[in-house]
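Q: I'd like to go over a predicted model; first the sequence, then the structure.
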Amino acid sequence: MQKRIIQILALSIAVLLAALPSSPIASAAKKKPIPATSPKPVWPPIGFKETDGVFAKVPSSEELIGHLSAKRSLQKFLKQCEEFACGAVFVAAERACTWWEVNSAVRKVNPANFAKDRIGTLVTYAKGTDAREQGTIFLVSTEPVDLSVSVGNIRVICHREKTNIPKPGNVYNPITKADS
């Protein structure tokens, strides 16, 4: 009988210990794993402009800083943008894009009338994205950084053909006095 009481007492102590959150018995119990993936982005993307299933948004500086801190692969553009006038655009498409083309204008504020005069054009080629995947494309000119210089009039094109894919990068064409 005494042996039976000791067994019941030992079993009761084990059950009690298992109920405590810091006990080794409780931690040995199976825990539900935490998913390793982040939640899927909302579709269609909020705040983006859409044309025929292609979405684009010029990010605010706060959005861009947040995005840069989350994606180390984009931080290489920071050094370029410390030296040259830059812009950025978030892109996405309903169907996959093999590669992206972004056409934009580089403008400078004219001190005489405060108008933004176009001083160059910029064509940017970027790698493709899967269907409904958001991408970030940096538009880097070779125009020196100046508070009066900006990149604007951004137009994005989602290419789906699998031939003649250009090398990712930027092509800046300054407008000379003779061109204007």
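A: Arrived safely, thanks for sending. Residues are numbered from 1 along each chain as shown.
Q: the spatially closest residue to Arg132 that is not a sequence neighbour: neighbour count?
A: Sequence neighbours aside, Trp43 is the residue nearest to Arg132 in space, at 5.4 Å (criterion: C-beta to C-beta, 6 or more residues apart in numbering). C-beta here means a position set from N, CA and C on the backbone, and glycine is covered the same way. Trp43 has 12 neighbours, counted by other C-beta atoms under 10 Å.
Q: residue boundaries of the helices in the protein?
A: Applying DSSP state H to the chain gives helices spanning 2-19, 24-28, 61-70, 76-83.
Q: and the third one with helix 76-83, angle?
A: Meaning helix 61-70. Orientation check (axes from the mean of the first three to the mean of the last three C-alpha atoms, to 10 degrees): helix 61-70 against helix 76-83 gives 130 degrees.
Q: related to what we said a few turns ago, against Val156, how distant is the residue nearest to Arg132?
A: If you measure Trp43 against Val156 using C-beta to C-beta, to the nearest Å, the figure is 17 Å.
Q: and for Thr129?
A: In this view, Thr129 and Val156 are 11 Å apart by C-beta to C-beta.
Q: give the residues shared as contacts by these two.
A: Contact criterion C-beta atoms under 8 Å, 6 or more residues apart in numbering; residues bridging Thr129 and Val156 by contacting each: Val91, Trp100.
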